[in-house]
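>>> curious how this folds, go ahead:
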Amino acid sequence: MSDNFMIPTRSLPMNFGPLKGANGNARITGPCGDTMEFWVIVEDAQVTLATYTTDGCSHSIACGFAAAALANGQPLSMVRSLTPADVLAVAGDIPDESSHCALLAVNTLNAAVNSYAGS
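Below you'll find the predicted structure:
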């Protein structure tokens, strides 16, 4: 292997990755082709922990992070009422053409919460 060989890296949020012991999980592929997956632990009608993954762009990563962060420690009723605008407000500088990432994050988070409720 060459000394010049470098593996590109990127920083990922601490709530990025599968969640051991999750009791809710969902994966959705959005119209842009990005796939997002959420894991949640729900106890006493509250999301105690939420994590996610995405194979999408940095905007998808930011929106997943924001949705998971907004859900952590919150009652199910609040998590179910999250909107893409809520996610965008936390995610930072997301251009209009990437605002669909917030919708994908909200939809996937809600599907994970609903998978818990259905079990």
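>>> how about residues contacting the helix or strand containing residue 68?
Here residue 68 sits within helix 58-71, counting by DSSP states H and E. Identification of contacts with helix 58-71 by C-beta atoms under 8 Å, 6 or more residues apart in numbering yields 12-13, 15-16, 34, 36, 38, 40, 47, 50-54, 79, 82, 86-88, 90-92, 94-95, 98, 101-102, 104-106, 108-109, 113. In this view, the C-beta of every residue, glycine as well, is placed from N, C-alpha and C.
>>> do that again at 6 Å, thanks
The set of residues external to helix 58-71 that reach it, using C-beta atoms under 6 Å, 6 or more residues apart in numbering, is 13, 15, 34, 36, 47, 50-52, 54, 79, 82, 87, 90-92, 94, 98, 101-102, 105, 109.
>>> the next helix or strand after it: partners in the sheet, and parallel or antiparallel?
For helix 58-71, the following helix or strand on the C-terminal side (DSSP H and E) is strand 74-75. With DSSP bridges as the test, strand 74-75 is paired with strand 46-54 (antiparallel).
>>> the strand it pairs with: which residues count as buried?
Neighbour-count burial for strand 46-54 flags 46, 47, 49, 50, 51, 52, 53, 54 (criterion: 16 or more other C-beta atoms under 10 Å).
>>> centroid-nearest residue for the protein?
The centre of the chain sits closest to residue 64, judged by C-alpha atoms, centre = their mean, with a distance of 3.0 Å.
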